[in-house]
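A.B. asks: Need the 3D shape of this:
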Amino acid sequence: MKKDDESGETPRPRSDTAGAGPDTGTPREPGGGILMGRLFGVPVYVAPSWFLVAALITWVFGGQLDRVLPELGNIRYLVSLFFAVAFYASVLVHELAHTLAALRFKLPVRRIQLQFFGGVSEIEKESETPGREFVLAFVGPLLSLILAGVFYAALYAVEPGTVPGVLLAGLMISNLIVAAFNLLPGLPLDGGRMLRAVVWKITGRPMAGTVAAAWVGRALAVAVLIGLPLLTHTGALGTAGDEISGMETVTDALLAAILAAIIWTGAGNSLRMARLREHLPDLRARALTRRAVPVESDTPLSEALRRANEAGARALVVVDGHGEPTALVRETAIVGVPQHRRPWVAVSGLAQELTEGMRVPAELAGEALLDRLRATPASEYLVVEETGEIYGVLSTADVERAFVQAMARPGS
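C.D. replies: Residues are numbered from 1 along each chain as shown. This is a model prediction of the structure:
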């Protein structure tokens, strides 16, 4: 399962606080789904796509139960729904293994999300060593294998051909499949993380490991796209070729296409995020800061802009009578004031009050800079020297632009 937050979106300073749904009382986070609770302090979400997969599993497994236990009748769908929930509980255990390992290595985990085709543990920082990266990736499939062994052992305690026997057999096989699939050596799968760790250890370069594992991941995507329907059609997966209907062939092809797309996209996202992290040290507060001019709160906007133009500055800092900064004039607010009204609008009406979290040391760079911005989300920050002297203003837009440029550079 993919364990890092590699959605492909442009990273930006953000708050990790979950929001709430519209008057339903159901806790939600943007893009996270339904909050089911917290385990070891980490929020667990169920994405809306899970309900689609649960319905699909219920339908498919119900059809299999009809062949094995025809006496169940329509009750088989209730049993199938139980199987779907139990299977995703196994996936949650898989993701918890990643989460606990990350917490053991003091890596922050943003959330666990159960979604289409499995789950994601969103770990916000990379491992510091290839050894830790390998362990972090391996514990998930290891727990799935252990669960498969537990279900296999439990089969000896029940009668074969009964509902408990069929459920335990299904859970054993599904966990074996989860473990085997995730051990495939290509990103974004856990096996890809393990391959990345091995190449990182051999070469001493994390980027080399990412490139190797990502390209293997893309090769796996092509193999799944072509190979899965072929294996099913030839009966290599246990079904006789003459028993396969046209609908099953279409379903297998669609499943293969979805899986291949997920693997291919995840591999590409891993490459982009690795390139970004490689250039992260180049993101320095001092280099990204806009020059600013101090203005008092009652200064007309037109006058403040005139002073800024004369000084070659691109930002305005509101100061009190002693020259101490108290607020930052928001760029978006300036743009929203028509030219003819600027002589009559004071800068104080366009400013955001300066909080302690909005003061950023000029020497901050890389991950430390991003952590500081995430802690206090804002559109602008005051950048100060060690002496407390104003150096300038850091705009979130400039940070995002630097991210885009970093991701566009070729990896070394």
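
A.B. asks: contacts and neighbour counts: CA atoms only from here.
C.D. replies: OK.

A.B. asks: can you give me how far whichever strand or helix holds residue 49 is from the chain middle?
C.D. replies: Residue 49 is part of helix 48-68, with elements assigned from DSSP states H and E. Relative to its chain's centre, helix 48-68 lies at 27 Å (Cα atoms, centre = their mean, to the nearest Å).

A.B. asks: Adjust the sequence numbering to begin at 43 for everything that follows.
C.D. replies: Shifting the count to begin at 43 puts that one at helix 90-110.

A.B. asks: Give me the contacts around it.
C.D. replies: Identification of contacts with helix 90-110 by Cα atoms under 8 Å, 6 or more residues apart in numbering yields 75-76, 114-115, 118-123, 125-127, 156-159, 203.

A.B. asks: Report the buried residues of the following helix or strand past that helix.
C.D. replies: Downstream of helix 90-110, the first helix or strand assigned by DSSP H and E is helix 117-146. By 16 or more other Cα atoms under 10 Å, the buried positions in helix 117-146 come out as 118-119, 121-123, 125-126, 129-130, 132-144.

A.B. asks: List the contacts of residue 150.
C.D. replies: 144, 165, 166, 167.

A.B. asks: my guess is residue 176 meets residue 236, correct?
C.D. replies: Yes. Counting by Cα atoms under 8 Å, residue 236 is a contact partner of residue 176 at 4.8 Å.

A.B. asks: Can you point out the buried residues in the helix holding residue 91?
C.D. replies: Under the neighbour-count criterion of 16+ other Cα under 10 Å, helix 90-110 has 92, 95, 96, 99, 100, 101, 103, 104, 105, 107, 108 buried.

A.B. asks: quick one: pLDDT of the first one?
C.D. replies: Residue 92 is assigned a pLDDT of 87 by the prediction.

A.B. asks: and the closest residue to residue 221 other than its chain neighbours, what element?
C.D. replies: Setting aside the residues directly before and after it, residue 221 is nearest to residue 183 in space (Cα to Cα, 6 or more residues apart in numbering), at 4.5 Å. Following DSSP H and E, one finds residue 183 within helix 172-196.

A.B. asks: which residues touch residue 115?
C.D. replies: Applying Cα under 8 Å, 6+ apart, we find residue 115 in contact with residue 108.

A.B. asks: What distance do you get for it to residue 249?
C.D. replies: Residue 115 sits 55 Å away from residue 249, going by Cα to Cα, to the nearest Å.

A.B. asks: Just the contacts of residue 150: which are in helices?
C.D. replies: Counting by DSSP state H, those place residue 144 in helices.

A.B. asks: Just among the contacts of residue 150, which is most surrounded?
C.D. replies: Counting neighbours by other Cα atoms under 10 Å, residue 144 leads the contacts of residue 150 with 25 neighbours.

A.B. asks: for it, what are its contacts?
C.D. replies: By Cα under 8 Å, 6+ apart, the residues touching residue 144 are 150, 151, 165, 178.

A.B. asks: which of those lies closest to residue 191?
C.D. replies: residue 178 (21.1 Å; Cα to Cα).

A.B. asks: Name the residues of stretch 184-202 that are buried.
C.D. replies: When burial is assessed from 16+ other Cα under 10 Å, stretch 184-202 yields the following buried residues: 185, 186, 187, 189, 190, 191, 193, 194, 197.

A.B. asks: Just send those residues back as CSV, with pLDDT too.
C.D. replies: Conversion of the buried residues of stretch 184-202 to CSV gives the following (pLDDT from 0 to 100):
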residue, pLDDT
185, 96
186, 96
187, 97
189, 97
190, 97
191, 97
193, 96
194, 96
197, 94
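
A.B. asks: pretty sure residue 78 is touching residue 86, no?
C.D. replies: Yes. Contact between residue 78 and residue 86 holds when scored by Cα under 8 Å: they sit 5.7 Å apart.

A.B. asks: In this model residue 187 seems to touch residue 135, though I could be wrong.
C.D. replies: No. Taking contacts as Cα under 8 Å, residue 135 lies outside contact range of residue 187: 11.3 Å.

A.B. asks: ok and the helix holding residue 91 relative to helix 117-146, angle-wise?
C.D. replies: 130 degrees (axes from the mean of the first three to the mean of the last three Cα atoms, to 10 degrees).

A.B. asks: where exactly do the helices run in the chain?
C.D. replies: Ranges of helices within the chain are 90-110, 117-146, 172-196, 205-224, 232-245, 248-275, 288-321, 327-330, 343-353, 373-377, 408-417, 438-450, based on DSSP H.

A.B. asks: So which elements touch the fifth one?
C.D. replies: Of the remaining helices and strands, those touching helix 232-245 by 3 or more Cα pairs under 8 Å, 6 or more residues apart in numbering; DSSP states H and E are helix 172-196, helix 248-275.

A.B. asks: That helix - what's its average pLDDT?
C.D. replies: Here helix 232-245 scores 96 as its mean pLDDT.

A.B. asks: Same question for the last one.
C.D. replies: Mean pLDDT, helix 438-450: 79.

A.B. asks: how many other residues sit next to residue 230?
C.D. replies: 30.
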